[in-house]
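# What follows is a predicted structure for the sequence shown.
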Amino acid sequence: MSKAVEEFQPLESGIVRMYHCGPTVYQRPHIGNYRAFLFADLLRRFFEWQGLEVLQVMNLTDVGHLVGDAEEGEDKLEAQAKKEKVDPWKLVEKVSEEFFLDLEALGVKPAHHYPRATDHIPEMVSMVENLIEKGHAYRVGENVYFDVSSFKPYGKLSGNNVDDLEAGARLAVNTEKRNPADFALWKADAHHIMKWDTVFGPHGFPGWHIECSAMAMKYLGESFDIHTGGEDNIFPHHECEIAQSESANGKPFVQHWMHTRFLQVDGGKMSKSLGNVYSLDDLSERGFSSLDFRFLVLKAHYRGVLNFTWEALKGAAETRKALLDLHGRLCSVSRGAKAEESPVLLQVRQNFTQALVEDLNTSAALAALFEIRALCLEGLLASEAAAALVLLEEADAVLGFLGEVAPCELSDQDVDDLMMQRRAARDSRDFAQADAIRDQLQEAGIVLEDGADSTAWHRGR
Ligand code: AMP
Ligand code: ZN
C-alpha cells in the first residue's frame, strides 16, 4: 500500500495471520500461478523460521470469477465446464486435486485452511446484507452493488481514482448501476448452474471480491496482518476487498498488502495461442523436477522480473544440483563431527539472514549459500563442515529447494577409518581424542562394542 519497505510487527504479538488469493479452480494452475503461491509459502516459512506462529489461509475460487476479471462476462468455471462438457462441480474436484498434488511436488507447506467459496455462501450473504444496512450497497432486482462513492478512500491501494474509473466504466453498458464504477457483490442469473436461493432472490451467486473478504474475515478476523496475490489482483480485486471489508467493519482490513510480480514466459505474457501456458507436468516431461522450478523462482526477488525460459530453468536445475552436491559433500567431510561455526561461517549465516529480513531477498540469500560452496572447495575441517551442514539445512527450512535429501550417513569405510584412528589414539594413550572419536561415531548412529582386544561396530541408536 505504501509502496515502501516497512517494518513488520504482527497485530498480535507472536502470531502472523495471512490470507492468500488462491487459484480459480477451472483449470490446472500454471507456473505463473505457482510463482504467487510459492511466495506465500516463502512468507510462511520465513516467519516460522523467525520463531513466529503463522495462521495461513488460501482460498479456492470455485464460483463468481468472471472471464476478464471485471464486471461482465461468463463465470470462468462454468465457461470451462461447458467447453469440457462436464459438470462444474466435478471440474472443481478434479482441478483442486491437481492443485494439491502440485503444491506437494513444489514442497509447499499446507496452509491451515483452504476454504472454498461455495462452502461460504451464508457468510457472504450476511456480509452483503450488512453493507446494504450500512448504506454502502444497494439492490437492483436480484443484483446487489457496492456504492463506491460511499467509501472515500476507494483507490488507495491501486492509485486509481473514481472519476477516471467512472469515465472508463461508462463505456461498458450496465445502466442499472448508480455509478459506473460500482461493482457487483451479488449477481443473479437464472442460467447459472452454481446458484443459491437467498434473501436476494432464487438465482444468485456471489461476486468474486466478496468471497475473499468473507472467507478472510471468517478465518483471520476483521483485521489481519498480510494479504497477498499476484500483481493483477491489485485492481479491481483487492481494491474492492478493502472497500467492502472496511465499510462493513469500520476498521482497517489488512496491515500489509504484498503482490508478486507476474511471471513472464519467453519474455512476455504467457498465452494459450503461443502454447506456453505451462503446467508442472510440462516441466517434468522435459526432465525437470518441480523443485527446479521452485529454485528458479527463488533466484528472483518476488517483486522483480522473472522470465521463464527452458534455458533459465536448466540453469536453475544445475545450480540446485550444485547445492545438493554441496550437501552430500559436507556430509562426507563432516563425518558426524561436532559442529563448530567459524567466524567466516558466522558471516555467511548473517548475510543469509540479512538478505531475507530485508524484504525477502531470496536471490541474495542464495548468493550467501554459495559462499559455503566456495569455502568447501578451499577445504574445511570436519567440525566446520558439520557447522556448514547445519547452516545449509537451516537455510533450506526457509527456501525448501533441497527436497528429501538422505540424512548424512558415514560410509562403512568412514567408520573403519575412524575406528583405526581411535585405536591409534588409545595406543598412544590420548584418551581424550579416543573418546572424542567414540562420541563422533555415536552421534552418527554407530554403536561400538569393545571386546578384549578388538572392537566391533554396528549401525543403530
Ligand atoms: P487465478 O487462478 O487467476 O485466480 O490466479 C491465482 C493467483 O495467481 C492470483 O493471485 C494471481 O494474481 C496469480 N497469478 C496469475 N498469473 C500469474 C503470473 N503469470 N505470475 C504470477 N502470479 C500469477
Ligand atoms: Zn482473492
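Done, it's in. Numbers count the residues shown, from 1 in each chain. Ligands and ions are numbered 1, 2, ... in the order given.
# Just give me the neighbour total for the closest residue in space to Trp49 that isn't next to it in sequence.
Nearest residue to Trp49 in three dimensions, chain neighbours excluded: Val398, at 4.8 Å (C-beta to C-beta, 6 or more residues apart in numbering). C-betas here are computed from N, CA, C, even on glycine. Other residues near Val398 number 23, with proximity taken as other C-beta atoms under 10 Å.
# Identify the residues contacting the helix or strand harbouring Val398?
Assignment of secondary structure by DSSP states H and E places Val398 within helix 382-399. Residues from elsewhere that reach helix 382-399, judged by C-beta atoms under 8 Å, 6 or more residues apart in numbering: 42, 45-46, 48-49, 298, 323, 326-327, 330-331, 333-342, 345, 348-349, 352, 356, 362, 365-366, 369, 372, 375-376, 380, 402, 408.
# Next, the contact list for the residue in the stretch 51-200 of the chain that ligand 2 sits nearest to, please.
The nearest approach of the stretch 51-200 of the chain to ligand 2 comes at Asn59, 6.1 Å away (C-beta to the ion). Residues near Asn59 by C-beta under 8 Å, 6+ apart: Tyr19, His20, Cys21, Gly22, Tyr114, Pro115, Arg116, Ala117, Glu211, Cys212, Met215, Ala216.
# For the second one, give its distance to ligand 2.
The span separating His20 from ligand 2 equals 8 Å under the rule C-beta to the ion, to the nearest Å.
# ok, now the fourth one?
In this view, Gly22 and ligand 2 are 7 Å apart by C-beta to the ion.
# what does the chain have sitting close to ligand 1?
Within the chain, the positions lying close to ligand 1 (C-beta under 6 Å from any ligand atom) are 21, 23-24, 32-33, 35-36, 61, 229-230, 232-233, 260, 262-263.
# care to break this protein down by domain?
Using automatic domain parsing, the domain parsing of the chain gives 15-260, 280-399, 412-459.
# what would these look like in TSV with mean pLDDT?
Shown next, in TSV, are those (pLDDT from 0 to 100):
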stretch	mean pLDDT
domain 15-260	95
domain 280-399	95
domain 412-459	88
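# Val5: which of those is closest?
Proximity to Val5, assessed across those by C-beta to C-beta, is greatest for domain 280-399 (5.0 Å).
# end to end, how far does that closest one reach?
By C-alpha to C-alpha, to the nearest Å, the extent of domain 280-399 from end to end equals 19 Å.
# and if you look at stretch 280-295?
14 Å.
# who's Tyr138 bridged to?
Under DSSP bridges, the beta-bridge partners of Tyr138 are Tyr145.
# Surely it and Val148 touch.
No - contact criterion C-beta atoms under 8 Å: Tyr138 and Val148 do not qualify, at 11.6 Å.
# got the CA coordinates for stretch 220-232 in CSV?
Provided in CSV are the C-alpha atoms of stretch 220-232 (Å, rounded to 0.1, in the frame of the first residue of the first chain):
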residue,chain,number,x,y,z
LEU,A,220,-8.5,-14.5,10.4
GLY,A,221,-10.7,-11.9,11.9
GLU,A,222,-11.7,-8.4,10.8
SER,A,223,-8.2,-7.1,10.8
PHE,A,224,-5.2,-9.2,10.0
ASP,A,225,-1.5,-8.9,9.0
ILE,A,226,-0.8,-9.8,5.4
HIS,A,227,-2.8,-10.3,2.3
THR,A,228,-1.1,-11.5,-0.9
GLY,A,229,-1.8,-12.2,-4.6
GLY,A,230,-0.3,-11.6,-8.0
GLU,A,231,0.1,-8.1,-9.2
ASP,A,232,-3.1,-8.4,-11.3
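# need the residues of the stretch 201-350 of the chain near ligand 2, please.
Within reach of ligand 2 by C-beta under 5 Å from the ion, the stretch 201-350 of the chain has these residues: Cys212.
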